[in-house]
Structures are given as C-alpha cells and as structure tokens.
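Asker: sharing a model that was predicted from the sequence below.
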Amino acid sequence: MLAMNFRGPFRVRADYDQPYPEIEHPGDAIVKVLRSCICGSDLHLYHGIVPDTRIGSTFGHEFVGEVVETGSSVEKLKVGDKVMVPFNIACGKCAFCKQELYGNCHEANPQATAAGGIFGYSHTTGGYNGGQAEYVRVPYADVGPTVIPDWMDPDDAVLLTDVVPTGYQAAEMGGIQEGDTVVVFGAGPIGIMAAKCAWLFGAGRVIVIDQLDYRLEFAEEYAQCEVYNFKMLEDPVVFIKQQTDSLGADVCIDAVGCEAAGDTMNTLLGRKLLLQGGSTTALHWAINSVKKGGIVSIVGVYGPINALVPIGNVLNKGITIRANQASVKRLLPKLTEHVKNGILNPKAMITHRIPLEDVAEGYHIFSRKLDNCIKPVLIPPAGGS
Amino acid sequence: MTTDETKPEDFVNKRGGDHSHIKGWGIDIDPKNDPTYPIKKRTDEEIRGYTWERPEQQPVNIEVLHSVERPNITAVFGTSKPPRGLSGMIRRQAFKKSESSYGRWLPLVLADRIDMVEGVLEDLSHGHIPNIFAERGWNAEWKYNRKSFVLKAATAAAITSAAFLLLSSNSKSKK
C-alpha cells in the first residue's frame, strides 16, 4: 500500500510497497484513511529532534477514515463506518482513562511511562504506524474512534482529531475567567485555535505573539484577536507588561513547544545540539509575562529530557502551570456541537490539500512555511478531491 | 523478548494503614482544592495501585523494548519497526536506563542517526538509490521559493568550485 516513509531528518517519501496493516489484537480495527493532516508536532519528528524515531516509520496522528476490518471483540464499530480517530490511543480501562485522562493511558505505550500512546509519533509514544498512509491499524477501536455525523464535512472532522481539542484544552487549562487578558505564544494552527477558544471562556482580551506576519494576519482574521510580531518588539515580556498595566497577563498559553525561535542559547542547546528537550523560549516568555498568581497553560510539545525554564520565577510569582496532551475523546461531544452550531469552523484553517504521493513536498512546504501555509492535509487515493 | 532491567515485583506501594496516631491527620482535607478540574474526572482509582482489569494482552511476537519504569509491556503496542543492527544494539542499552536519564535519551538520538545510515544501506541493498532531491521536497522549494533556491544553489556551486580550484592549485604547487 501507499504510505509515508521516514528516511531521516528532512527526508521522507511516499512508498507504494509498505505492508498492509493487520489486526494484531481483538480490539483493533483497520481504517482506510480519507484525510490525514501534517501536524506542527510532526515537524519535530521530521527535523529529527524526537528520540527513537526509527527509519521506515509512517507518521500521522490526525486522520479520519472508513472502517474496513474489525477485530473479534470490537462491538461499537462496523465495517463501513466513517470515523474520526483521536490522536491518543486509549484503552478505556486503566485508572487514567476512567478519569478521562485519555491522553495519559497506561496501556498503550510500553516504551515510556511519561507519554501515552500516539499514532505515528516515534517509539517514544509506542511505535505505532500513523495515518499518512492508505490504511492504518487502530487499537482499542471501541474506545477512541467516533463515527462522523452525516452532516459533518471530513475536513472539519480531521481537525477534530487533534487541532481543535488541543487548542480548546489550551484555553480550558488556562482557567480563563470573564474579562481575563490571555496571551497566546505561537500562531500555528494550535495557537490560532487556542486564541479562538479563549473567547468561549469569556476572555476580555486575546493577544497572539509570533514571528511570521502571514500567520499573524490569519490569526487576526480567524480568531478576532490582537497580533504582534516579536521580531518587531525589543522584548516581548516588557511589551506584555506594558500592555497589562505592568502587572502581566492573567493567562499565558505556550502553543509553540520545542522549536521556538527568538533566543540564541535556547536555539543552540535545544534545537541544534539536542542537549535539552527543545528550545524553551516561548515557555520562558509565558512564565515571565504572566501576572503573579497567574496561570500558564502548556500544549506545545517538548522532548523528554531536561529543559531550561525560569523555575525561580514560577515559585516567586506563585504561578500555576497546567499542561497535558489533549484528551480528545473527552472533548469531542462538546466540540462537535460547537462545529454544528457554527461557533467553530475548523476547515477554514486548511490552506493546502496535497496528494499523499507528494508527501515530501507537503512536509517541505509546512516546515519552511512556504506559500503562506497554515495547515496542510494529505489526501490518500481513497480520499477523493 | 524484552530487555527488562526491573522486575514486576520491584513495583510496590506500601501506602495506607492506620494514621490515627498522627495528631490532626486529615482535618484540612478540601475536595475543592483540585487544580486538575475539569481535565480529570477525579476518582483517585490509582490509589488502589496497578489493579485494574487490564485489556487482553497483544501477543508479543517481536522484540519490544519497554521502559524500566513499568513492570510489563502495555496491553497493546506498535509493531512498526523493531530494533535492528547497530542502532538496535544502542537502543537496547539505552532502554536499561530510566526515562529521567540522559543515558537513555542521548544514545537514542545517536541510534536514530546510525539508523539513518542503515536505512540508506537498506535502500541500496534493495537496488533503490534514494532520490535525496525528491525526499527533501525540494520540488516545492523550486515551485514556491525559486529565488532563494537558485541563490543557495549558486552559492553552493561557487563554494564548491572555489574549494576545488584551491585544492587543485595547492596540489600543483607541491609537485
């Protein structure tokens, strides 16, 4: 079958001779992929900064598709169902899943206890092949996958598997109260969605910081927020203090993660030498820009090893830090309603639809931020136009 | 096959018992003091330990490296790429260290780079010469960023030519 094939940092290709996935557990399903996004966090794999990313792996944790085969114990899905598949692989039985921490399942990733199981995201999250392929194996098919309502556009559905829940949970973890000033660092799809969702919690002001003008312009239009390019600011932290009566923002959201620009030392240690779990510049700014007693919400992805953060300021300012992988299954019912009611319009973020055969170009466009790319979606042969 | 450096019986929590001898035990309990709300629907089931009814175990037909911080292989796991070759040997050693150790993660990065070379050798052994230009997606660079692409290509060509000429002249002067 056709599938994306990782060959090393900045090198991927579409191969037609990849093995068709098999049912390996009674709870598995095989899904024929109809849409599969390239996520900003896929770029961390593509750039070679996530440990244990093995050659020959297929990436892709944001996908929707049609069930073509089910294991013997699968009861809720049947062949022909069109499903959105949360990026978290969750058993539904462990103590964490039962508390709706579906991103922290204890029965999906043998390689690391810190991370749950994620499709197509290295052996650090379980060693599963991902959805940038014609077909994909989906474990625990009765737990995560959700049938796509008839009225829903597959382009909306595919963004409900990660982007929308992650952006929403970023705002949710901020504990936003009515009138709060919310600063979002990062104008990628997650940051834009976090800014959009901050309004749903009653924010009084939403500010997005990034370095790419075309993304900031998109964020301003899509999320009706203020936007600033940090390259034009002498010091983003001082700027935020100036904008908030010198007190700091009520809530800061790190929607950048390990490949943040803006600080030479962090870039060197975190992105070039890989001696820390990524460049922590955005998190650094978030901690220093939030008010005393404020909340910092982290959804940007970092590597597993140590990373430099101003922890002394966290202590002295009494900051609450909240972070997690989005619990997609927990949020899907509410977010589906928001899409149905026109409150959220996920598919408007899609700027590029690329045939799966051209996956290498898709990664390059997204990585290099070419052609004003916000969100690329890969279309397998079964996905139609 | 696993490379477990811990044993299942190593994982024990001796929590619980009678604390009535501790003056004031529990008098300030406040269920509302919960920064995990609403992300976690708190039941604290994990206080009972790793005692839940586990899903059926996926058959372990391949080599699965698992964290020494857990007693077992999870009920399901990915089977995409078992460890292989020299990179696999490094990965096996790395997995003897905990997730909090540089001794685990830095060797894994090294193994990834070696795996990349092994991948090229694998391609060649199958008669496939990797098309680096296509794999790096440079068609898109040509399409959307042509000016920069041409500039970089010209710069690289100029540097290569200069280096070649320099080395050639040095070689002639030695003769």
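Answerer: Ah, there it is.
Asker: for whichever residue of chain B sits closest to chain A, give me its contacts.
Answerer: Ranked by Cβ to the nearest Cβ, the top residue of chain B for proximity to chain A is B:Gly137, at 2.7 Å. All C-beta atoms are positioned from the backbone trio N, CA, C, and that covers glycine. Listed by Cβ atoms under 8 Å, 6 or more residues apart in numbering or on different chains, the contact set of B:Gly137 reads A:12, A:360-365.
Asker: inside helices: which ones of those residues?
Answerer: Residues of the contacts of B:Gly137 located in helices (DSSP state H): A:360-365.
Asker: near chain B, from these?
Answerer: Among the ones in helices among the contacts of B:Gly137, the residues within reach of chain B (Cβ under 8 Å from any Cβ of the partner chain) are A:360-365.
Asker: closest to A:Glu107 among those residues?
Answerer: A:Tyr363 (31.2 Å; Cβ to Cβ).
Asker: residue ranges with poor pLDDT in the stretch 101-250 of chain A?
Answerer: The stretch 101-250 of chain A contains no residues with pLDDT under 70.
Asker: near chain B, which residues of it show up?
Answerer: A:101, A:106-114, A:117, A:123-124, A:126-129, A:139-140, A:169, A:172-173.
Asker: give me the pLDDT value at the residue of the stretch 251-385 of chain A found nearest chain B.
Answerer: Nearest residue of the stretch 251-385 of chain A to chain B: A:His364, at 2.7 Å (Cβ to the nearest Cβ). For A:His364, the pLDDT comes out at 97.
Asker: try A:Gly270
Answerer: Model confidence at A:Gly270 (pLDDT) stands at 89.
Asker: which residues touch the nearest residue to it once chain neighbours are set aside?
Answerer: Distances taken as Cβ to Cβ, 6 or more residues apart in numbering or on different chains place A:Ser279 nearest to A:Gly270, at 3.7 Å, with adjacent residues excluded. Contact analysis of A:Ser279 by Cβ under 8 Å, 6+ apart lists A:258-261, A:263, A:266-267, A:269-271.
Asker: could you check how far A:Ser279 is from A:Asp254?
Answerer: 12 Å (Cβ to Cβ, to the nearest Å).
Asker: which elements pack onto the one helix or strand A:Gln169 maps to?
Answerer: According to DSSP states H and E, A:Gln169 maps onto helix A:163-173. Counting contacts by 3 or more Cβ pairs under 8 Å, 6 or more residues apart in numbering or on different chains; DSSP states H and E, helix A:163-173 is packed against helix A:189-200, strand A:290-298, helix A:328-340.
Asker: how about 6 Å then?
Answerer: If contacts are counted by 3 or more Cβ pairs under 6 Å, 6 or more residues apart in numbering or on different chains; DSSP states H and E, helix A:163-173 sits against helix A:189-200, helix A:328-340.
Asker: write out the residues of chain B neighbouring chain A.
Answerer: B:40-41, B:43, B:45-46, B:52, B:55, B:58, B:64, B:66-67, B:69-70, B:73-78, B:80-81, B:99, B:105, B:108-109, B:112, B:115-116, B:119, B:134-137, B:139-140, B:144-145 (Cβ under 6 Å from any Cβ of the partner chain).
Asker: pull out the buried members of these.
Answerer: B:40, B:46, B:52, B:55, B:58, B:64, B:66-67, B:70, B:73-78, B:80-81, B:99, B:105, B:108-109, B:112, B:115-116, B:119, B:134-137, B:140, B:144-145 (16 or more other Cβ atoms under 10 Å in any protein chain shown).
Asker: all helices for the chain, in order.
Answerer: Picked chain A for this. A:40-46, A:95-98, A:154-159, A:163-173, A:189-200, A:213-223, A:236-243, A:264-266, A:281-289, A:311-317, A:328-340, A:359-368.
Asker: my question was about chain B
Answerer: B:85-94, B:102-125, B:132-135, B:138-144, B:146-174.
Asker: nearest to B:Lys7, out of the helices of chain A?
Answerer: helix A:95-98 (22.0 Å).
Asker: could you find the closest non-adjacent residue to B:Glu69?
Answerer: A:Thr113 (4.6 Å).
Asker: for the one you found, grab the count of nearby residues.
Answerer: Using other Cβ atoms under 10 Å in any protein chain shown, the number of residues around A:Thr113 comes to 17.
Asker: could you pull up the residues touching it?
Answerer: For A:Thr113, the contacting residues are B:67, B:69-70, by Cβ atoms under 6 Å, 6 or more residues apart in numbering or on different chains.
Asker: circling back to that earlier point, is it possible to get a markdown table of the helices of chain A that adds mean neighbour count and distance to A:Pro380?
Answerer: Converted to a markdown table, those look like this (neighbours: other Cβ atoms under 10 Å in any protein chain shown; distance: least, Cβ to Cβ, whole Å):
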| stretch | mean neighbour count | distance to A:Pro380 |
| --- | --- | --- |
| helix A:40-46 | 23 | 16 |
| helix A:95-98 | 22 | 30 |
| helix A:154-159 | 25 | 12 |
| helix A:163-173 | 28 | 19 |
| helix A:189-200 | 28 | 20 |
| helix A:213-223 | 19 | 26 |
| helix A:236-243 | 18 | 40 |
| helix A:264-266 | 14 | 37 |
| helix A:281-289 | 26 | 33 |
| helix A:311-317 | 12 | 44 |
| helix A:328-340 | 18 | 21 |
| helix A:359-368 | 25 | 10 |
